[in-house]
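> sequence first, then the predicted structure:
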Amino acid sequence: MIKIRLLLLCTLLVVNNASFANGDYMSYPAMQRFIQHMVETGFSKNYLVQTFSNIKRDEKILSLVNSPAEGKPWSQYRPIFLTEDRIRTGHGFWNRHEAAIKAASQQFGVDPEIIVAIIGVETFYGRNTGKHNVLRSLTTLAMDFPKREKFYTSELKNYLQFIREEKINNPAILTGSYAGAMGLGQFISSSYRHYAVDFNRDGHTDLWHPDDAIGSVANYFSKHGWKKGGDVTVPARILGNLYGNIVTVKATKPVHSLSKLQQHGVSLQGKLNSKHVSLLQLQGANGLEHWVTGDNFYVITRYNHSPKYAMAVYQLAWEIKRRKLSQQ
């Protein structure tokens, strides 16, 4: 009898391990806890079981989330986004959707070139909104990416709530980035629910539609404190070694005064009207680059926490604006 029990136990362990290896999430205790939590918030258990019973682990998602583009140095990151094709396409996007961009800029108090640049960096103006199944991506990351389990579990919850609010019958129908971001502006589920707007007033909040994406990006920046017409960043000149006490390579909230930077041997190569500033260091193609960044720069990092991302948005916005002004 003991041998039979041991044999049965070993068989069960093999089956369970195979289920885990194949990404059969219904066998995960974490999934059972998640389903119970969602039932307590008003979801049908049958609906949830049906939704998750056929989802398998996506190994490609786990590979991508461990090697994001933001891991590249600035010298390699910048050329991805600062290209003639992206600048030209951005200029054309602005011209085609000028009415919506102007209206969003006025309503939300966000500079138009920033709205255009965000959509350009995120999806190349809709050219690449992502081909990953959002439900599968978020489930994989919530269940099999312990490093950010809490974050992606929350996003999975928000995704289901978003699906219900938007009255989408099939939760597995939407596609997006490997991290579950959607639409032209690549909003994650929580951002979609809190910041997306029906800017064209057709009764649907559709971030794959340029008008809604434009209005939603502007609303996001407005809610995070963007100051229209405010400066973003300027190059810095460094003298001595004191700057090492205040320099950062991360997206930190500006806390220094311009006078403090000067005391540490930092001078601005231009004008920066910002109450607080930071000193940012990037690894450029020709060595270290130093930039003094202001409050608006920090707002860009609320969209994506990488300072390289924020710098790419700023520089693309500047180039597109210059192109537009030169052809008026």
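Noted; the coordinates are in hand. Numbers count the residues shown, from 1 in each chain.

> in a strand, Trp291, correct?
Yes - residue state for Trp291 (DSSP: H, G, I helix; E, B strand; the rest coil) corresponds to a strand.

> okay, now it: neighbour count?
When counting by other C-beta atoms under 10 Å, one arrives at 22 neighbours for Trp291. The C-beta positions use only the backbone N, C-alpha and C, and glycine is treated the same way.

> please apply the same query to Ser326.
A count of neighbours around Ser326, defined by other C-beta under 10 Å, yields 8.

> going forward, the N-terminal residue is numbered 24.
From this message on, residue numbering opens at 24, which makes the last subject Ser349.

> any idea how far it is from Ile110?
As judged by C-beta to C-beta, to the nearest Å, Ser349 and Ile110 stand 11 Å apart.

> same question for His287.
From His287 to Ile110 the distance is 35 Å (C-beta to C-beta).

> again, but for Met61
Met61 is 44 Å from Ile110, by C-beta to C-beta.

> which pLDDT value goes with the nearest residue to Asp221 once chain neighbours are set aside?
Excluding the flanking residues, the one nearest Asp221 by C-beta to C-beta, 6 or more residues apart in numbering is Thr228, at 4.8 Å. Thr228 carries a pLDDT value of 94.

> where's the helix or strand containing Leu158 relative to the chain centroid, distance-wise?
Assessed by DSSP states H and E, Leu158 sits inside helix 157-167. Computed by C-alpha atoms, centre = their mean, to the nearest Å, the chain-centroid distance of helix 157-167 equals 16 Å.

> identify the residues contacting that helix?
For helix 157-167, contacts defined as C-beta atoms under 8 Å, 6 or more residues apart in numbering pick out 46, 48, 51, 53-54, 57, 74-75, 78-81, 84-85, 88, 171-172, 175-176, 178-179, 182, 194-195, 197-203, 205, 212.

> same question for stretch 321-336.
So stretch 321-336 is in contact with 93, 95, 97, 100-101, 103-105, 137, 140-141, 144, 243-244, 247-249, 255-256, 272-277, 301, 303, 305, 314, 316, 320, 337, going by C-beta under 8 Å, 6+ apart.

> redo that, cut-off 7 Å
Residues outside stretch 321-336 that contact it (C-beta atoms under 7 Å, 6 or more residues apart in numbering) are 93, 97, 100-101, 104-105, 140-141, 144, 243-244, 247-249, 273-274, 276-277, 303, 305, 320, 337.

> start to end distance for that stretch?
For stretch 321-336, the first-to-last residue distance is 12 Å (C-alpha to C-alpha, to the nearest Å).

> tell me the buried residues in it?
With burial defined by 16 or more other C-beta atoms under 10 Å, the residues of stretch 321-336 counted as buried are 321-324, 326-327, 329-336.

> mean confidence for that stretch?
pLDDT averaged over stretch 321-336 gives 97.

> likewise stretch 115-132?
In the prediction, stretch 115-132 has an average pLDDT of 98.

> so what touches that stretch?
Contacting residues not belonging to stretch 115-132 are listed as 134-135, 138-139, 142, 148, 222, 233-234, 237-238, 241-242, 244-245, 249, 251, 343, 347 [C-beta under 7 Å, 6+ apart].

> buried ones among those?
134-135, 138-139, 142, 148, 222, 233-234, 237-238, 241-242, 244-245, 249, 343, 347.

> and the helices in the stretch 124-273 of the chain, which stretches?
Assigned by DSSP state H, counting those that start in this stretch, the helices in the stretch 124-273 of the chain fall at 135-146, 157-167, 172-188, 212-218, 233-246.
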